[in-house]
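Colleague: any chance you can model this:
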Amino acid sequence: MAKSAPDYRKLPIPERIQLVEAIWDSIAEDAEALPLTDELRAELDRRWAEHERDPSSAIPWDQVRSELYEPDE
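Modeller: Have a look, this model is predicted:
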């Protein structure tokens with residue numbers, strides 16, 4: 001009999017975010033195993049070119065993370 005997945009909605013949001021980050025990091029470690037289609041490569045190239053045109057539009061990860069974990073009250 002297959003085990004059912006835990007109900008992650010019972011976890012506080014910060015813990016769920018940490019869980020998603022851990023899962024994402026584990027995927028990133030094996031990123032070369034993922035196929036990169038021509039369409040995806042073109043989209044990545046487009047986004048990189050956009051960033052190079054206006055680097056100031058980027059938001060540092062530390063800022064994004066702090067806003068996720070410490071939203072304005």
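
Colleague: can you list the weak-confidence ranges in the chain?
Modeller: Flagging of the chain using pLDDT under 70 yields the residue ranges 1, 71-73.

Colleague: at which residues are the helices of it located?
Modeller: Counting by DSSP state H, residue ranges of the helices within the chain are 13-29, 38-53, 61-69.

Colleague: how many other residues sit next to the nearest residue to residue 34 once chain neighbours are set aside?
Modeller: The spatially closest residue to residue 34, leaving aside those adjacent along the chain, is residue 27, at 7.9 Å (CB to CB, 6 or more residues apart in numbering). From N, CA and C alone the C-beta is placed, and that goes for glycine too. Applying the criterion other CB atoms under 10 Å, we find 11 residues in the vicinity of residue 27.

Colleague: do residue 16 as well
Modeller: 13.

Colleague: residue 8 contacts residue 17, doesn't it?
Modeller: No. Residue 8 sits out of contact with residue 17 when judged by CB atoms under 8 Å, with a separation of 11.0 Å.

Colleague: quick one, which of these two is more surrounded?
Modeller: Taking neighbours as other CB under 10 Å, residue 8 and residue 17 compare with residue 17 leading, 14 against 10.

Colleague: which residues does that one contact?
Modeller: Each residue near residue 17 by CB atoms under 8 Å, 6 or more residues apart in numbering is listed here: 68, 69.

Colleague: how close does residue 37 get to residue 43?
Modeller: Separation of residue 37 from residue 43 (CB to CB, to the nearest Å): 9 Å.

Colleague: between these two, point out the one with more neighbours.
Modeller: For residue 37 versus residue 43, the count of surrounding residues by other CB under 10 Å is larger for residue 43: 11 against 8.

Colleague: residues in contact with that one?
Modeller: The neighbourhood of residue 43, defined by CB under 8 Å, 6+ apart, contains no residues.

Colleague: from residue 33, how far off is the residue nearest to residue 34?
Modeller: Summarising the geometry, the distance separating residue 27 from residue 33, computed by CB to CB, is 9 Å.

Colleague: repeat for residue 26
Modeller: Residue 26 is 12 Å from residue 33, where distance means CB to CB.

Colleague: what of residue 3?
Modeller: Where residue 33 is concerned, residue 3 sits at a distance of 26 Å (CB to CB).
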